[in-house]
Structure formats: structure tokens, C-alpha cells
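Visitor: what follows is a predicted structure for the sequence shown.
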Amino acid sequence: MGVDLAVLKPTSIHESQYKRRRVSLSGADTSLSCQVLHDAENSLPTLCCSDYYTKPCLSELAIRELSNPGYCSRVEDFVIGRFGYGCVKFIGETDVRRLDLDSIVKFRKCEIVIYEDDSSKPLVGHGLNKPAEVTLLLQTKPLSNLNEEKLAKIVEKLKCKTESQGAHFISFNPDNREWKFLVQHFSRFGLGEEDEDDVPMDEMSPGAQDPEGMNGSEVSDDEDNVSPNMSLLSHSLPAHLGLDPVRMKDMRMLWFPSKEDEVEALTSRHPYDNPPFAKDSSRSPLHHSSRKAVHNSNAPSIRKTPLALKEFNPGGFSSTSSGAILLSQQNKGLHLTTGKSEGFELELTKKTPVTGSHSCNIVDAALFMGRSFRVGWGPNGILVHSGMPVGSYNSRAVLSSVINIEKVALDKVTRDDNNKVKEELTDFCFSSPLSIHKELSRETKKVELGTFNLKLQKLICDRLTLSDICRSYIDIIEKQLEVPSISSDTRVLLMHQVLVWELIKVLFSSRKMGGQLKLIEEEDEEDMIPDARESYPDVDQEALPLIRRAAFSYWLQESVHHRVQDDISLLNELSGLEHIFLLLSGRQMDAAVELAASRGDVRLSCLLSQAGGSTTNRADIAHQLDLWRKNGLDFSFIEDDRVRLLELLAGNIHRALHGVKIDWKRFLGLLMWYKLPPDISLPVVFNTYQKLLNEGDAPYPVPVYIDEGPIEDVSKWVLNNRFDLAYYLMLLHAREENDFGALKTMFSASASTYDPLDYHMIWHQRAVLEAIGTFSSNDLHVLDMAYVSQLLCLGQCHWAIYVVLHMPHREDYPYLQATVIREILFQYCEVWSTHDSQWEFIESLGIPLAWLHEALAIFHSYTGDLPKALGHFLACASWQKAHTVFLTSVAPSLFLSAKHTEIWGLATSMEDHKSVIEDWDLGAGIYISFYILKNSMQEDNNTMTELDTLENKNDACADFISRLNKSLAVRGNKLSVEARVVFSKMAEEISSLLLSDSDEVSTGEDQLICFETVFRAPMPEDLRSYHLQDAVSLFTCHLSELAQ
């Protein structure tokens, strides 16, 4: 078996300092089968990052795995590292088979993370979660000019940081800045941003430092390569937009690299980052080993490092000329080609190719702002974007860097004709309907969410009570119609809502009525539809469809009544027959018969009195018309309107409507009243209309805002599969027993209003229809969330949460309701927390109090009211966050204000949960220990026998001072100035008490031991000097006594 290692050695610094090693298996010299090669390749770990390396390298691992199968399962002292950051050596044998090292091992600045995702971390001792020796290269400033004392402080800081993370400190070499420590298992180890004050960090990242030996010719080469292309780039799109073409080309290289640029040479290294094994490839050497040798005949191409991203400088606007924008270039650790350091300016005379009504921006915002460009939505319908304001037709050019903040009119339904929000409209549109909804019966489903429970609700009602429910909603709409300042367009929509609720009652309520309907007086329009609450025990079940048909006929007659009257008002006195036809289109039979009789047309009045009745009469009239046509009767001697009436009475509605434009409801009425048999059921009527609609022989059931205004230009609206809500209800009734697939379009805002953001009534109609069992769906979350957005825009947070609780539970999204409710509590905390009624309502819904307190805690933390934030963190049992706020802000403030009782109460309230609080002994535990130690040392009687001697007191004080120092070392700049002052005052008080007790002891040696403890305390230098003078005096006296 022969293995040929083709090592790509570097030829010059200008090409690359390090190249990858490739392993090629010659098919002529080996007898291994493809299966053996496949097994060996699958056993290797994978590593694709070019600045990472392993020891043994992947090439060596491949060779050993081929020669010794199973070697990758027991690699001795396996090492993985990153140039300029450090390495980790796993002690003993390590199983590295099929490990994705790119995702497992992460070296960052002064930090190493292994298994960043805890869910994928194996047990201790398995994989790479095992004992290891870590070496981190601290990216500090040069330490050669630091004295020994400062170096000792840095070492002490590193020791404390190592121990606080559960690791064992080994060494720190200031010459090469190597920090070594031993870990038993892995999570996250190293220094954080908060440690930069204690350890002087270097601003330059490892990859930005120039390697030794580089003569700078690479930069000049880049410039030479760019120059010939300048003539071509000057005619490109960036040049047309006023941008730097070379810079935009470099940005394109960075964002959208080509396939051949994916293999990248390493061009910058530290002198101490070049171990002998670092030359080898980080990619699996057996990858595609069975392919032809031509694939590895050429060395990988080197991609030049592109420019770093430019960051927008808020202070870069020129004060001398409007529209001058500068982009500052900051070194982010990448080797940069030279370019214009002053950025570029945009001239107001240049425009983008996209102009006109779409945009008047000088330069495209995304191209200008790069990755920071976005269009974002905020709370209450706030839209933040760059460019032209929405709805603006100003032709003046504006900068695309201008940020516009606009608000979407989610509350348009609550505004009057003067576009002002009215409280009574808010109540009629939202509060009152939701109050009716809340009074209805419902069932509760308890959903467990960890330690919390959420009570999801579902409305339930039967069809016998549906009439009363619809009547309650209609009463609210009628009160809204009484508001004098609403517009005429709004009145049209409100009247339509009344008709929709009436139609729901007609089509879906259960009716137990007697053999005949109660006669309805014409002047009492409110009682046009029979009252479903009247029930009779002797009802014939076979008559129920006819009763429902009669009720729907009354509803249809009432819904088109105003359209008929409007058309009649446009007629002159001589249009008697046309007048009669319009009356028939609204089934106003009595008025039509009286009008014909008053004109002396007795025969027509007799025919009209039988219209829509027996099909025999229709057949006779149709037969007569056919005979006239067969016999060649000259119809020019008969009025056209009279022929139209006869065709209608004969059931030929399409001939009757020839040349006449009619709305879809009256067409449906003509179809049901004059063409179809009088005893046919409603589903057949609706299906017949739908069939004619599909064939193009029936008017389109357009929504009411198009049918009756205010939208007149229908061409601007896409009407495909979007009908009026009333027609959707008819289809739902006709297909009640089958699957109804138009729910999403049915319960969209466009079915009942031209405002695409208004869902305030459609949500209630959907809830009632689903509660009585007409359909069942868990896929209408768009409707729910749109209604929630409306409520939140009006500050009705409690009702928004109520709506969320009625969203159906889905097994694939079990935490949907909890997530939405928590988002509402967090984003609108200032609203619901300032209204006691909303707070109480939310509590009554069963929302966990911990969620409310957590939202308040975050809100008060944001506003800077940290004492209130601490109280809410404690109330929601967020002990770690409460401990942090207590230690960094609240406790120091209370201590300096001498409010020790409050400190004691807060600290002891967290003490029972100290097991879940990180570094309790170095945080709030210090305050408890301070008060206990102080009180014990101030006691006159010996209530605490463990501190009855000076030696015991000194030991207790030494332990306390040691904890103070350790806390200062571990937390570093996390502690505020006030917290450091408090620690100093604690040390000062304890030291004073210790020295006062030592004065009562005659032995000078014991007193000197106490001074030694005091000198380790973190106190001001002036006080330390004062104690030092006392110690010197005591020591002098002690020497004098010894000399005697």
C-alpha cells in the first residue's frame, strides 16, 4: 500500500505563506477497495475553516486510519487550534470520528467555546466534552513595559477568572502572552468584554496584524490590478449613482464571493502561531479521493482580501453643502486595499434610474446603507423606512439616508368624518362587542407551559340562542349609527353589518315555528324577519326548509329595498311599466299590483298578483310568448317594458334583464322568486346562482363597498375569488355538511370593508359561526392577529390578550399563545400597568402574575427605576437578575443612604434561593456576612462564643476581607463606583472594629497580626496610610519592649 503525500509548499510570500496539503491515493500503487476508502473517509473529522488546524493534521489522520483502521477512535493527545487565538489539547485518547469541528470548537478573542449549543453537548467524558489543557493567546498590549506589580495583578486576575469558571490555572507567560489552564469539561472559558479594564487588550484582531517578512508589495499589486479596470468601471451602475465603482466592486466580492474564491489562502500570521504541523489542509484529505487525478493537479487560487464594510458615520454630514454624506472607513481587522479615505459625496443633481411616482431617491437606500438597511415595523402600526414618505407625490428629490417614521391608521374605524378619534366609537366598535362576547358561554382548556398554566378559551353556543346573540350585536351597531359625525360611507358599511347579522340569524339559527308565519306590517321594518324565539311543539319538520326560505326571502327583500327606491326616484311619471318592473325586482308585489290597477291595466294586475306562485302560471305565460314568436307576431306594437314584464313572469329572467343592469342581490332574488320553483330549498338556490356565476350569466357578488360605494372604480380592485360576506354566508349554508375551503377569503377584511386593516366585526362573526358548529378551523391566525393589532393600537391591551386566549390551540405550535401574550406584556407594559382596570382584567384571565412582574421589571430597568425593577424581579422569581440589580445598583444606593434594614430584607429574601444564584457568596452574601459580623463584634455579652477571642475575630475579618477582594477581582468593572465605595466602607468599618478590640489586648504581636489583616482590606490610600502609621508606632513600642 503506497500513500503519496503531495505537499504544496509555499514559493513566495506574495503568493501565500501557508498552502494546504493534499493527499492523493494512487490507484496504481494501492490495492485498497473503494469500500475501504469510503470507510476511512467517513471516520475522519471535518474542518473547513482555513485558520484552524489540528495535531495530528488531517492528512496524518488519514494515513494512520488507512494503515491502522480505528485509529481515529483513539487519537492520543488530540490538538485543535486557531492561528492567533490558541489551541486546546485533549488529554488521553479521544474519539474524533465524524466530528464536525467547525461547529463544535469556536475560538474567539481571548475565549474558547466548545459545544456552544447545550442541546448537542454529550455527557462528560464523551466526544470533546472531556478534560483538556487550554492555551489562549491573549491579545493584549505589549507587556514588556509593565512593572512586576502590574504583571502580578494581571496574573492574579487570570487566576481568579480561571477559578470562578471552574478551571485550574496553570501558567501565564507574559513574553508570548500564553494563558494556560486545565478544564474537566467544556462550556465557555476565557475573558469577556468586562475584563478589558483589568487586562489591557489590543484593539487589533489577530487576523489584522501583518506577518513578519511582508514587504508591503501586496498592496501595490492590488492597486496595479485595479487601475486598468477603472475605465470600464466608470460606466457602471455605481458610477451612475454617484458611488465609488472600485469600492462597490470590493463590497460585492465580500458579500457575493464566486465559487472559485471559496478556497482562501492565509495571508497574516503571528511569529509564534506557526507550529510545524500548521501547513496541512483543514479540509478532509480523502474528500472525493476516487475522482480523477486532474482535480488535484492545480493549486488552489488565492483570493485577494476585499475591503471591509464601511460604516455610516452619523457625524459625517457636511455643514457646507446639503446632501454631502461621508462614509468613515474603520479598520475591522482585515487587510485592506488602499482607497479614498474621505469616502464619497452625493450630488443632488443626480438621480436614480427609478424615478416618477415610485421613488425620487438620489441613491438606492439598500445600496447606500449596505447591510444596515431595513424597513421595520414598530408598535401601534409605526413604520420606519428610508425614502419617500408613503402616499407622498412631492417630486423634489430627497436623500435616501433620511429616515421616515409613519403610522398606519389601524384605528380608522374609530374616527369620525373629521378624522378625529371619538371615544364613543371606540366603545361601540371594540369594548361593547367584546363585552357581549365575554358574557357568552365558553369552555376552558388548561395548557401546561413548564411551571405555568394558561387557560385557553373557546366560545360555545347553540343555534336556539343564536337569534338573541345576533340581536345584541345589531343593537350595538344601531347605536353606532346614531352618532351624528360619522361619514356616509361608514353608514353604508354599518347598515351592511346589520344585514350580515340578520342573515346569520336567518341561515343558521334553529327555528321551531308553527304552520304559518305571523303577518308582518310594512311600516314595522324591524320585524320583517320572523322572531326565532317563538316556538311551537307541533311544528312539521319537513316544513322547516320552507320556513327558512321564507325568512331568507324577507331578508333579501329588505336588503334591496333601498336600491329599488333609489332607482324609482330617478324615473319620470310616464315610466309606469318600468316602475312596475323595479318593484318586482324587490318583490314589492302589493305596490306593483296597485300601480298596475291604478293605470287601468287590469289584466296585468291580475298576472302580477300570481307572480312567483304556481309554476303552471309561469308555463302558460311562457307558452303564450313562444306562440307569438312562432306565429310571427310583430312585437313592435307592444311596449318593450311590457314584454320585459311578461318574460319575467314567465321565468325567463335573462330575457327580462336584457339591456338592464342590476345588482347581484336583486338578480339572486329574481332567480329565486320567478325562475326556480317556490318550494325549492335554499342550498339549491345558492348553487344555481353559483353555477350561473361560473358560466358568466350572473352578476359578480362584489363586496358592499363596491356595490353601493364608496369605491366606484372597480378596475383598480382585484376581485378574483373575493365576494361579499353575505354571499360567503350563503355558500357556507349551502355546503354546511361539506368541507368549506374559502374560510381565509371569507374572513378577510375585504369581504365587508374597504379598510384592509379593519377586523373588528368580522372576528365576532367568525367566532359565533364557529361556536355553533358551522365550520372548524385552526388556520385563521391572520384574522386573530389583525384584530389584536387593532386593539393594541387603541391601547386595549387587556382585550388583546383576551382575543389571544381564544386562538385555537395547535399541537405543532404549542407555545403560540404564550409567546404572543408575553410580547404584548413586554411591549405595552407602560399602557396596561398604568390602568388598574386592565391589570385586574388580565389577572382574571388567568395570566401568570410572574409574566406581569417580569414585564414590569424589564420596563423599569429600561427606564432606570432599578429599585422597582428589583421588586418585580423578586416577585417573578427571577433570582439571578434580581441579584445582579441588587448588587450593582440598589444595595450600594441603600447602603450609602444608611437604609440597612431594607438591604437586610432584600438580601434575606434571596438567601433561600442562593443555590440558583451565581456567585452568591461574592454578591449579596457579602452584605449578609457584613451585618452578621458587625453585630457579633459589637455585642458586649458573649452571645456568639465562636468570636470570643481576638484570634477568632481576626480570622473572621480576614475571611470577610478576602471575599471582598475576590468579588472585586472576579466582577471587575461589572461593579459600579458606588458598589466599590460600599465595599471600601464595609472594609473600613470591620477594620475599625477589629483594631478597637485589639487595643484591649496587651500582646503587641497579636495587634500586629490584626494590622496585617487590615492592610489587605480594600480601603482608600489615606486611611491605609493612617493605619500604617499606627502599625509602625505599635511595632516601635514592641521593639522597645523586647529591648528592655
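Guide: Perfect, I can see it now.

Visitor: Leu964 contacts Phe983, correct?
Guide: Yes: applying CB atoms under 8 Å as the test, Leu964 and Phe983 come out as touching, 5.2 Å apart. Placement of C-beta: from N, CA and C, glycine included.

Visitor: any shared contact partners between those two?
Guide: 926, 1018 (CB atoms under 8 Å, 6 or more residues apart in numbering).

Visitor: who does the helix or strand harbouring Val384 touch, helix- and strand-wise?
Guide: Remark: Val384 resides in strand 382-386, with elements defined by DSSP states H and E. Packing contacts for strand 382-386, counted by 3 or more CB pairs under 8 Å, 6 or more residues apart in numbering; DSSP states H and E, involve strand 376-378, strand 403-407.

Visitor: any chance of CSV for the ones you listed, columns distance to Ser897 and mean neighbour count?
Guide: What follows is the helices and strands packed on strand 382-386, written out as CSV (distance: least, CB to CB, whole Å; neighbours: other CB atoms under 10 Å):
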stretch, distance to Ser897, mean neighbour count
strand 376-378, 38, 10
strand 403-407, 41, 12
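
Visitor: turn those strands into CSV, columns for distance to Met937.
Guide: Conversion of these to CSV gives the following (distance: least, CB to CB, whole Å):
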stretch, distance to Met937
strand 376-378, 57
strand 403-407, 61
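
Visitor: let me have these in CSV, extended by mean pLDDT and distance to Val384.
Guide: Conversion of these to CSV gives the following (pLDDT from 0 to 100; distance: least, CB to CB, whole Å):
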stretch, mean pLDDT, distance to Val384
strand 376-378, 71, 5
strand 403-407, 74, 5
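
Visitor: tell me which of these lies nearest to Ile1009.
Guide: strand 376-378 (64.0 Å; CB to CB).

Visitor: partner strands of that closest one, with direction?
Guide: Strand 376-378 pairs in its sheet with strand 382-386 (antiparallel), by DSSP bridges.

Visitor: starting at the chain centroid, how far to the partner strand?
Guide: 17 Å (CA atoms, centre = their mean, to the nearest Å).

Visitor: what helix or strand does Glu502 sit in?
Guide: Residue-wise, Glu502 maps onto helix 488-508 under DSSP H and E.

Visitor: and that helix, what does it pack onto?
Guide: helix 466-481, helix 544-559, helix 704-707, helix 725-734, helix 762-771.

Visitor: and these, which one's lowest on average pLDDT?
Guide: Mean pLDDT is lowest for helix 704-707 among those, at a mean of 87.

Visitor: what is that one packed up against?
Guide: Counting by 3+ CB pairs under 8 Å, 6+ apart, helix 704-707 packs on helix 488-508.

Visitor: tell me the angle of the helix it packs on relative to helix 762-771?
Guide: Relative orientation of helix 488-508 and helix 762-771, computed by axes from the mean of the first three to the mean of the last three CA atoms, to 10 degrees: 0 degrees.

Visitor: show the average pLDDT along helix 488-508.
Guide: So the average pLDDT for helix 488-508 ends up being 92.

Visitor: give the partner strands of the helix or strand containing Glu443 in its sheet and their orientations.
Guide: Assigned by DSSP H and E, Glu443 falls within strand 442-449. Strand pairing for strand 442-449, using DSSP bridges, gives strand 452-459 (antiparallel).

Visitor: could I get the average pLDDT for the strand it pairs with?
Guide: On average, the pLDDT along strand 452-459 is 91.

Visitor: sorry, back to before: to Ile932, which of the helices and strands packed on strand 382-386 lies closest?
Guide: In terms of CB to CB, the element of the helices and strands packed on strand 382-386 nearest to Ile932 is strand 376-378, at 49.9 Å.

Visitor: just to revisit the earlier point, export the strand holding Val384 to CSV, keeping only CA atoms.
Guide: What follows is strand 382-386, C-alpha atoms only, in CSV (Å, rounded to 0.1, in the frame of the first residue of the first chain):
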residue,chain,number,x,y,z
ILE,A,382,-45.3,52.5,13.3
LEU,A,383,-43.5,52.1,10.0
VAL,A,384,-39.8,53.2,9.8
HIS,A,385,-38.3,53.3,6.4
SER,A,386,-36.0,55.4,4.2
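
Visitor: contacts for stretch 610-630, please.
Guide: 584, 587, 589, 592, 607, 635, 646-652, 673-674, 677-678.

Visitor: could I have the buried ones of those as ChimeraX selection syntax?
Guide: Selection of buried members from the contacts of stretch 610-630 for ChimeraX, criterion 16 or more other CB atoms under 10 Å:
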select :584,587,589,592,607,646,647,648,649,650,651,652,673,674
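
Visitor: next step: the contacts of stretch 610-630 restricted to helices.
Guide: Within the contacts of stretch 610-630, residues falling in helices by DSSP state H are 584, 589, 592, 607, 646-649.

Visitor: check the residues you listed and tell me the two furthest apart.
Guide: Met589 and Glu647 (17.5 Å).

Visitor: part of a helix, is Pro699?
Guide: No: Pro699: not assigned to a helix; according to DSSP: H, G, I helix; E, B strand; the rest coil it is coil.

Visitor: any idea how many residues pack against it?
Guide: Pro699: 18 surrounding residues under other CB atoms under 10 Å.

Visitor: look up how far Glu988 lies from Ala1031.
Guide: 16 Å (CB to CB, to the nearest Å).

Visitor: how about low-confidence regions in the stretch 101-250 of the chain?
Guide: Scanning the stretch 101-250 of the chain for pLDDT under 70 picks out the ranges 141-145, 193-198, 200-248, 250.

Visitor: for the record, mean pLDDT for the strand holding Val384?
Guide: Mean predicted confidence for strand 382-386 is 72.

Visitor: what angle sits between that strand and strand 403-407?
Guide: Using the same axes, to 10 degrees: strand 382-386 against strand 403-407 is 160 degrees.
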